[in-house]
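Engineer: what's the 3D shape of this:
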Amino acid sequence: MKTFLMILLAISSIVLIASILLQSGKSAGLSGAIGGGAEQLFGKKKSKGYEAVLSKISIVGAICFIICSLALVCIE
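Structural biologist: Have a look, this model is predicted:
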C-alpha cells in the first residue's frame with residue numbers, strides 16, 4: 001500500500017508541476033512557446049478553453065497530491 005501511494009504521489013506531483021508550468025501568467029512564459037499548437041486543439045475559445053483545462057488539471061493534481069501525502073503520513 002505504501003509503495004502504491006508513493007508512486008501515485010510521484011505521478012501527481014509531476015502532473016501538478018507540468019500543468020502549473022504550462023499555464024500562462026502575466027508574461028506568456030512556457031505556455032507561449034508550446035500553447036500555439038494546443039490552442040487549435042480546443043477550438044474557438046482558444047486561450048479560455050486551454051486555460052480552463054489546465055486549471056482543472058492543476059486542481060485535480062493538487063487534491064490527489066494532498067490526499068496521498070496525508071495518507072502516507074497516517075500509514076507511518
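Engineer: List the buried residues for the helix or strand harbouring residue 72?
Structural biologist: Element membership for residue 72 (DSSP states H and E) is helix 46-75. Neighbour counts over helix 46-75 (16 or more other C-beta atoms under 10 Å) mark 50, 51, 54, 57, 58, 61, 62, 64, 65, 68 as buried. C-beta here means a position set from N, CA and C on the backbone, and glycine is covered the same way.
Engineer: tell me the contacts of the fifth one?
Structural biologist: Right, the one you point to is residue 58. With contact set as C-beta atoms under 8 Å, 6 or more residues apart in numbering, residue 58 has these partners: 16, 19, 20, 23.
Engineer: Out of those, which sit inside helices?
Structural biologist: Within the contacts of residue 58, residues falling in helices by DSSP state H are 16, 19, 20.
Engineer: nearest to residue 76, of the residues you listed?
Structural biologist: Closest to residue 76 out of those is residue 16 (22.4 Å), distances taken as C-beta to C-beta.
Engineer: wait, doesn't that closest one sit right on residue 59?
Structural biologist: No. With contacts counted by C-beta atoms under 8 Å, residue 16 stays clear of residue 59, the gap being 9.6 Å.
Engineer: Poorly predicted segments of the protein, please.
Structural biologist: For the chain, the stretches with pLDDT under 70 are 26-47.
Engineer: what about 80?
Structural biologist: The model of the chain has pLDDT under 80 over residues 24-48, 76.
Engineer: buried residues in stretch 5-22?
Structural biologist: Neighbour-count burial for stretch 5-22, counted by 16+ other C-beta under 10 Å, picks out 5, 8, 9, 12, 13, 15, 16, 19, 20, 22.
Engineer: Closest one to residue 76 out of those residues, please.
Structural biologist: Nearest to residue 76 among the buried residues of stretch 5-22, counting by C-beta to C-beta, is residue 5 at 10.6 Å.
Engineer: contacts for stretch 66-76?
Structural biologist: 1, 2, 5, 6, 8, 9, 12.
Engineer: Tabulate the CA atom coordinates of it in PDB.
Structural biologist: Output in PDB follows, covering the C-alpha atoms of stretch 66-76 (Å, rounded to 0.1, in the frame of the first residue of the first chain):
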ATOM      1  CA  ILE A  66      -2.600  16.400  -0.700                       C
ATOM      2  CA  ILE A  67      -4.600  13.200  -0.200                       C
ATOM      3  CA  CYS A  68      -1.600  10.900  -1.000                       C
ATOM      4  CA  SER A  69       0.600  13.000   1.300                       C
ATOM      5  CA  LEU A  70      -1.800  12.700   4.200                       C
ATOM      6  CA  ALA A  71      -2.300   9.000   3.600                       C
ATOM      7  CA  LEU A  72       1.400   8.400   3.700                       C
ATOM      8  CA  VAL A  73       1.800  10.300   6.900                       C
ATOM      9  CA  CYS A  74      -1.100   8.300   8.500                       C
ATOM     10  CA  ILE A  75       0.400   4.900   7.400                       C
ATOM     11  CA  GLU A  76       3.700   5.600   9.100                       C
END
